[in-house]
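S.K.: model the following, please.
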Amino acid sequence: MNRPMNISANGTTPLDGTSKQALLDKLGQQAVGLDVDFVLADGETSRRVYLDSTASTLRLQVVQDVLDKYQPYYSNTHSMVHFGAKLSTSQYAWAHEMVLKFVHADPEAYTAFFTGNGTTAGINRVAQTLRAQRPERDVAITSVMEHHSNDLPHRKHFAHVVHVPAEDGPNSLGSVCLRSVEAALEKYGDRVNYISVTGVSNVTGIINPVHKLAELAHRYGALLVVDAAQMIAHLPIHMSGNSDSARDIDVVVFSGHKIYAPGSPGVVVARKELFSGIEPQEVGGGMVEDVWLDRFTSTPKLPDREEAGTPNICGAIGLATALYALDRVGMDLIADEEEELIKYALRKLSEIDDVVIYGDNDAERYARAGALSFNVKGVHHGLTGAVLNDYFNIAVRNECFCAHPYVREMITQALADEDDGLTNEELEALAEMQRGMVRASFGIYTTRADIDALAEAVRAIGENRGLYEGQYDQLECGDFVHKTFQFNPEEFFSIGGAVDAWLAE
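M.R.: Sure thing, here's the model as predicted:
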């Protein structure tokens, strides 16, 4: 018999350190997809090592289980007529509350709403709305480190976008340069609408000082928007309640698929006044107070006015499940464990000859979270990625990670360090030809054994580059394809095949 499901956060018993560690281990060890096996180019079968979490994290088993329990009750929201609608509406509302709790945003001052295509949709909505809300402020400040999703929306909606550089650290580029940010604020003054910066680089994993940036922005009457796509799963976020209110964050944007949830419901958490008093950017069902043939009035209620249409109910519930589970563990514990894992990975890869790690590798000066990027000298990043997959069953990502200017600058700097005799034009041409890196990225399921496997594989590639090069053809698009080994995705899964199998049962 189906019985009501209770995922209320009320009345939970606080966990001690031992219990939190046990829960974290359980969540990590039971992620969906950790036990996937593939046959490799050498004929061996092995378990996949998943090091592509910055692109999308694996789903937690608890998320899958909660969604399975919810499915029998599924109904559309915005109604309290029948039981299913009441349940869906209440849990969808709870998902918003869980988001605010997770990022420590005061519900009296902040709202949370869901958007369509992940962080990208959220930042587009923020840029468009803040430009309309503060039209006299026509300048946005961002950084060279940004993913295109935290760059192009500002270019679309603002007359002028300033890209501040990263600091020149002792070894390579570090976090966003605060001096350059302040110089831009001084130059453009009350024309600056906001600073929008990534909390954690999706390329290097370097963490930016978001609360210091908030202080700077607020000193000049600007706002701070944080792209938390790579921050949300790795570090605690405190939007409000800081010791100095000037350090509070005005807007945070992230996506469910970056934090162990299915799909990509984008999330915007913002001060309520920033999305009040102007026409919502999207209109339709659910966001209106009343409609006549010649006019309509938008509801003043948030988040409703920002969520036109039928929402991604299952995506929101899955995301809220992941947030609640991680909140029970505590993001401080997750951050501490991952810090040690990142340092271990930096150390293991830096011990290998001819490996270049991008971004300043002084982890004490420039802390990292989530990811690191590297290349093997003399080996194309596409070949490294292909060999790691085909021969070692290690899933990584390569190329520029939607952060072309940042990648180009770091590669140019690395090449200059190798050869001081090259002219700027030669460096730029060489960097353009070699543009791209290999990125290994981590989640709560990543272990030191995974890092060891990566390091051993990278060492083997460096020592046997000629052998591996002879096994591949490079396509015009830049990808490397094995000459004799082929992977057929439909042997593992196809929608039609799965339906046919079900129908045949």
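S.K.: for this protein, what helix or strand is lowest in average pLDDT?
M.R.: helix 424-434 (a mean of 64; mean pLDDT, DSSP states H and E).
S.K.: immediately after it, which helix or strand?
M.R.: strand 437-441 (DSSP states H and E).
S.K.: mind listing what's buried along that following strand?
M.R.: By 16 or more other Cβ atoms under 10 Å, the buried positions in strand 437-441 come out as Met437, Val438, Arg439, Ala440, Ser441. C-betas here are computed from N, CA, C, even on glycine.
S.K.: likewise for stretch 138-146?
M.R.: Here stretch 138-146 shows Val139, Ala140, Ile141, Thr142, Ser143, Val144, Met145, Glu146 as buried, counting by 16+ other Cβ under 10 Å.
S.K.: so Tyr194 makes contact with Leu224?
M.R.: Yes: assessed by Cβ atoms under 8 Å, Tyr194 is found in contact with Leu224 at 6.6 Å.
S.K.: who touches both of these two?
M.R.: By Cβ atoms under 8 Å, 6 or more residues apart in numbering, Tyr194 and Leu224 have these common neighbours: Ala217, Asp250, Val251.
S.K.: just the buried members of those residues?
M.R.: Applying 16+ other Cβ under 10 Å to the shared contacts of Tyr194 and Leu224 flags Ala217, Asp250, Val251 as buried.
S.K.: number of nearby residues for the residue nearest to Leu326 when sequence neighbours are not counted?
M.R.: Closest residue to Leu326 apart from its sequence neighbours, by Cβ to Cβ, 6 or more residues apart in numbering: Ile334 at 6.8 Å. Neighbours of Ile334 under the rule other Cβ atoms under 10 Å: 22.
S.K.: how close does Ala311 get to Asp336?
M.R.: No, residue 311 isn't Ala; it's Pro. 35 Å (Cβ to Cβ, to the nearest Å).
S.K.: between the two, which one's more packed in?
M.R.: Per other Cβ under 10 Å, whichever of Pro311 and Asp336 has more neighbours is Pro311, with 22 against 10.
S.K.: quick one: pLDDT of the more buried one?
M.R.: Note for Pro311: predicted pLDDT of 88.
S.K.: what helix or strand is it on?
M.R.: Per DSSP H and E, there is no helix or strand for Pro311.
S.K.: next, count neighbours for the closest residue in space to it that isn't next to it in sequence.
M.R.: Leaving aside its chain neighbours, Pro311 sits nearest to Phe114 (5.9 Å; criterion: Cβ to Cβ, 6+ apart). Counted with other Cβ under 10 Å, residues neighbouring Phe114 total 25.
S.K.: and Phe114, bridged to which residues?
M.R.: Val267 (DSSP bridges).
S.K.: can you tell me how far Pro303 is from Ala183?
M.R.: 37 Å.
S.K.: nope, Ser172 is what I was after
M.R.: Taken as Cβ to Cβ, the span from Ser172 to Ala183 is 22 Å.
S.K.: tell me which of these two has more neighbours.
M.R.: Ser172 (22 against 13).
S.K.: in the stretch 301-450 of the chain, which ranges drop under the pLDDT threshold?
M.R.: 418-433 (pLDDT under 70).
S.K.: coming back round to it: so what's the residue nearest to Leu326 up against?
M.R.: Ile334 neighbours (Cβ under 8 Å, 6+ apart): Leu24, His234, Leu326, Ile444.
S.K.: sitting in helices, which of those residues do you find?
M.R.: Leu24, Leu326 (DSSP state H).
S.K.: neighbour-wise, give me the winner out of the contacts of Ile334.
M.R.: Neighbour counts for those (other Cβ under 10 Å) peak at His234, which has 29 neighbours.
S.K.: do you know the pLDDT at that residue?
M.R.: So, for His234, pLDDT stands at 98.
S.K.: ok, back up a step: export the contacts of Ile334 to CSV and tack on distance to Leu349?
M.R.: Converted to CSV, those look like this (distance: Cβ to Cβ, whole Å):
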residue, distance to Leu349
Leu24, 25
His234, 19
Leu326, 27
Ile444, 21
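S.K.: now for the contacts of Ile334: which two are most distant?
M.R.: Leu24 and His234 (13.1 Å; Cβ to Cβ).
S.K.: what are the structural domain limits within the protein?
M.R.: As assigned by automatic domain parsing, the chain contains the domains 70-328, 331-482.
S.K.: now for the buried residues of stretch 138-146, which pair is the farthest apart?
M.R.: Maximum distance among the buried residues of stretch 138-146 (Cβ to Cβ): 18.7 Å, for Val139 and Met145.
S.K.: looking at the buried residues of strand 437-441, which one is closest to Ser56?
M.R.: Ser56 lies nearest to Ser441 out of these, by Cβ to Cβ, at 9.9 Å.
S.K.: pretty sure that closest one contacts Val49?
M.R.: No: Ser441 lies out of contact with Val49 (Cβ under 8 Å); the separation is 11.9 Å.
S.K.: okay, Val162: pLDDT?
M.R.: You'll see Val162 listed with a pLDDT of 98.
S.K.: do the same with Pro262
M.R.: 86.
S.K.: and it, helix, strand or coil?
M.R.: Recorded secondary structure, Pro262: coil (DSSP: H, G, I helix; E, B strand; the rest coil).
S.K.: show the contacting residues for the nearest residue to it once chain neighbours are set aside.
M.R.: Excluding its sequence neighbours, the residue lying closest to Pro262 (Cβ to Cβ, 6+ apart) is Gly318, at 4.8 Å. The contact partners of Gly318, by Cβ under 8 Å, 6+ apart, come to Arg59, Val63, Val66, Leu67, Gly256, Ala261, Pro262, Gly263.
S.K.: relative to Asp450, which of the residues you listed is nearest.
M.R.: Closest to Asp450, out of all of these and judged by Cβ to Cβ, is Arg59, at 17.9 Å.
S.K.: that closest one is in contact with Tyr260, isn't it?
M.R.: Yes: Arg59 is within contact range of Tyr260, at 6.0 Å (criterion: Cβ under 8 Å).
S.K.: between these two, what contacts are shared?
M.R.: In contact with both Arg59 and Tyr260: Ala31, using Cβ under 8 Å, 6+ apart.
S.K.: compare these two and say which is more crowded by neighbours.
M.R.: Tyr260 (30 against 20).
S.K.: and the more buried one, how far from Thr299?
M.R.: 32 Å.
S.K.: list just the nearest of the shared contacts of Tyr194 and Leu224 to Tyr92.
M.R.: Looking across the shared contacts of Tyr194 and Leu224 and measuring by Cβ to Cβ, the closest to Tyr92 is Val251, at 21.7 Å.
S.K.: so who does that closest one touch?
M.R.: Per Cβ under 8 Å, 6+ apart, neighbours of Val251: Val126, Leu130, Tyr194, Leu223, Leu224, Val225, Val226, Val268, Val269, Ala270, Arg271, Leu274.
S.K.: mind listing the residues bridging to it?
M.R.: Val225, Ala270.
S.K.: ok, it to Val267 distance?
M.R.: 11 Å.
S.K.: same question, Tyr472
M.R.: Counting by Cβ to Cβ, the gap from Tyr472 to Val267 is 40 Å.
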